[in-house]
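[1] Next input, structure requested:
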Amino acid sequence: MLRLTCQLTIGRFTLDFVNDIQIESTWQQLTDTCSIRLPRKALVLGGQLLPDVLKVGERVEVKYGYDGVLRTEFVGYIVGVKTGPPAEIQCEDEMYLLKRKPITHSWRSVSLQGLLEYIRSQAGLSFGIETLGAANLGKFTINQATGAQALDALRKDYGIRSFFRAGVLIAGDPYKAVAQAPRHLLTFSRNVISNDLQYVRAQDVRIKVRAISHIEGKKKGRKRIVKEFGDLLDGELRTLNFVGVAEADLEARAKAELARLRFDGYRGTLTTFGAPYVEHGDVVVIQDPDYPEREGAYAVDKVVKSFGVGGSRRVITLGPKA
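    Next comes the predicted model:
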């Protein structure tokens, strides 16, 4: 039987025990979060409880696995401490570092890469940057906003998602990286513990797509072109943002996205063990021995990881077919 093992580095302390850990990781949010609950024996020199000597902003690294083979599951910073019992340490990933300093700057025209590099420089940091699809944002203004708030404006105004992974700030369309993403095989009755999946036929999927293109005009500044397609009366609304797509091309791009969202396949979540090490942005291939014709590959939108006395689990939220 496999033995659960962990190593937590919290500030200047290193622990090999924990009550439980929960990590929520998704490209749909700017910030991944981690909650660490510690037992009463988490004492330090002088008899002080560990939470009493920890400070907001101290670095945290969480590693865990089986039989001493540890994998880094979270890196971030303390944002809050509850003394308990049990003591709970609340953490955010590297996005925390972009929430501390307001900045102000305006561009007549800036690329996504250029904006990210400016945010990095103003934070005084040196993390890597990766853009998923080139984008010229045109005129862009940051007015007394933090770097994280500027990235959130990208999400609201352009549909550009931003998140950290392994110390690299990634921005763009997460699905553009699916073709090169790691793939994991998940089989019912083998490494799928439970699920709330529904298999839905494409013909039963009702979706309304609102396509918005942000175009920088030469005289009147930025303008928005908005078109709607699909099941306009009763479809679930999906908003798609594009940068610099002409009106003549917007319909084709939107209908291609609509076709990607309408598919025969699974929707929902499934729970696996701590391994395989599925992350959001990866691809899972789902097999059901009872329904072999339903086998398919899906992008992963979200993973909630847990570790502790109850075992190690991953709850995986599926995206569209990959």
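
[2] contacts and neighbour counts: CA atoms only from here.
    Will do.

[3] Mind splitting the protein into its structural domains?
    4-92, 98-172, 176-201+264-321, 206-261 (the TED database).

[4] Including mean neighbour count and mean pLDDT, could the ones you listed go into CSV?
    As requested, the domains of the chain are exported to CSV (neighbours: other CA atoms under 10 Å; pLDDT from 0 to 100):
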stretch, mean neighbour count, mean pLDDT
domain 4-92, 17, 92
domain 98-172, 17, 95
domain 176-201+264-321, 17, 97
domain 206-261, 16, 85
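
[5] and the closest residue to residue 91 other than its chain neighbours, how far is that from residue 95?
    In space, and not counting its chain neighbours, residue 91 is closest to residue 78: 4.4 Å by CA to CA, 6 or more residues apart in numbering. As defined by CA to CA, to the nearest Å, residue 78 lies at a distance of 12 Å from residue 95.

[6] how about residue 131, what does it touch?
    Going by CA atoms under 8 Å, 6 or more residues apart in numbering, residue 131 touches 112-113, 170-172.

[7] again, but for residue 297
    Here residue 297 is in contact with 283-286, 321-322 (CA under 8 Å, 6+ apart).

[8] Quick check: the two most widely separated of the residues you listed?
    286 and 322 (11.5 Å; CA to CA).

[9] okay but residue 170 is in contact with residue 162, surely?
    Yes: using CA atoms under 8 Å, residue 170 is in contact with residue 162, at 5.6 Å.

[10] what are the bridge partners for the spatially closest residue to residue 311 that is not a sequence neighbour, then?
    For residue 311, ignoring the flanking residues on the chain, the nearest one in space by CA to CA, 6+ apart is residue 4 at 7.3 Å. As for beta bridges, residue 4 partners with residue 66 under DSSP bridges.

[11] From residue 307, how far out is residue 4?
    Counting by CA to CA, the separation of residue 4 from residue 307 is 8 Å.

[12] At which residues are the helices of the chain located?
    50-53, 112-123, 147-158, 247-261 (DSSP state H).

[13] Dump the last one to PDB, restricted to CA.
    Backbone C-alpha positions of helix 247-261 (Å, rounded to 0.1, in the frame of the first residue of the first chain) are rendered in PDB as follows:
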ATOM      1  CA  GLU A 247     -16.400  42.400 -38.900                       C
ATOM      2  CA  ALA A 248     -16.200  40.300 -42.100                       C
ATOM      3  CA  ASP A 249     -14.200  37.600 -40.300                       C
ATOM      4  CA  LEU A 250     -16.000  37.700 -37.000                       C
ATOM      5  CA  GLU A 251     -18.800  35.500 -38.000                       C
ATOM      6  CA  ALA A 252     -16.500  32.700 -39.200                       C
ATOM      7  CA  ARG A 253     -14.400  32.900 -36.100                       C
ATOM      8  CA  ALA A 254     -17.500  32.800 -33.800                       C
ATOM      9  CA  LYS A 255     -19.100  29.900 -35.700                       C
ATOM     10  CA  ALA A 256     -15.800  27.900 -35.400                       C
ATOM     11  CA  GLU A 257     -16.000  28.500 -31.600                       C
ATOM     12  CA  LEU A 258     -19.600  27.500 -31.600                       C
ATOM     13  CA  ALA A 259     -18.800  24.200 -33.300                       C
ATOM     14  CA  ARG A 260     -16.100  23.500 -30.700                       C
ATOM     15  CA  LEU A 261     -18.600  24.000 -27.900                       C
END
